[in-house]
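# Make a model of this:
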Amino acid sequence: MSDYIVWLDSAKAHVFELNAESTASEVKKTDLAHAMKNIKGSHEHHANDVLFKQITEKTLGCKKLLLMGPGLAKNQFQKYLDDHYTHTLATKVVGVETCDHPTDNQVLAIARKFFVHYDLFNDPVLASKSRE
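Purely as a prediction, here's the structure:
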């Protein structure tokens, strides 16, 4: 079982898979995007559900889940989990962090306080990024 970091905004999501044996360069990243772009009105909710379902399929069975992003999408995804996965995935959320559009290394540095048990956070590159 792995832990996951999900960075998402209204158009896309980046899913980072962490496990105890990973080094910073071995973190698995999956990019997901809405199948439908620039949708307004009632269809926007459906587009979010499509992306949320993709994220859920990727992270189901995780030990811990950290949600990150610049706007409301991360909070909407947390509500989606609360509504649809109340006793499973919703209970795995360890934090919801606001951040703009970070690099992959910055995502890992922000996640450091939630996943300190991984050796990859002893990586000097990530340690220096977290001090910036």
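
# and Gly61, how many neighbours does it have?
Number of residues near Gly61 (other CB atoms under 10 Å) recorded here: 11. Glycine gets a C-beta too; all of them are placed from N, C-alpha and C.

# actually Cys99, not the one I typed
Neighbours of Cys99 using other CB under 10 Å come to 13.

# Surely it touches Pro70?
Yes: assessed by CB atoms under 8 Å, Cys99 is found in contact with Pro70 at 6.6 Å.

# mean confidence for the helix or strand encompassing Lys79?
Lys79 belongs to helix 73-84 when elements are defined using DSSP states H and E. Taken as a whole, helix 73-84 has a mean pLDDT of 95.

# before we move on, what about stretch 89-106?
92.

# Could you list the buried residues of that stretch?
For stretch 89-106, the neighbour count (16 or more other CB atoms under 10 Å) marks Leu89, Ala90, Lys92, Val93, Glu97, Pro102, Asn105, Gln106 as buried.
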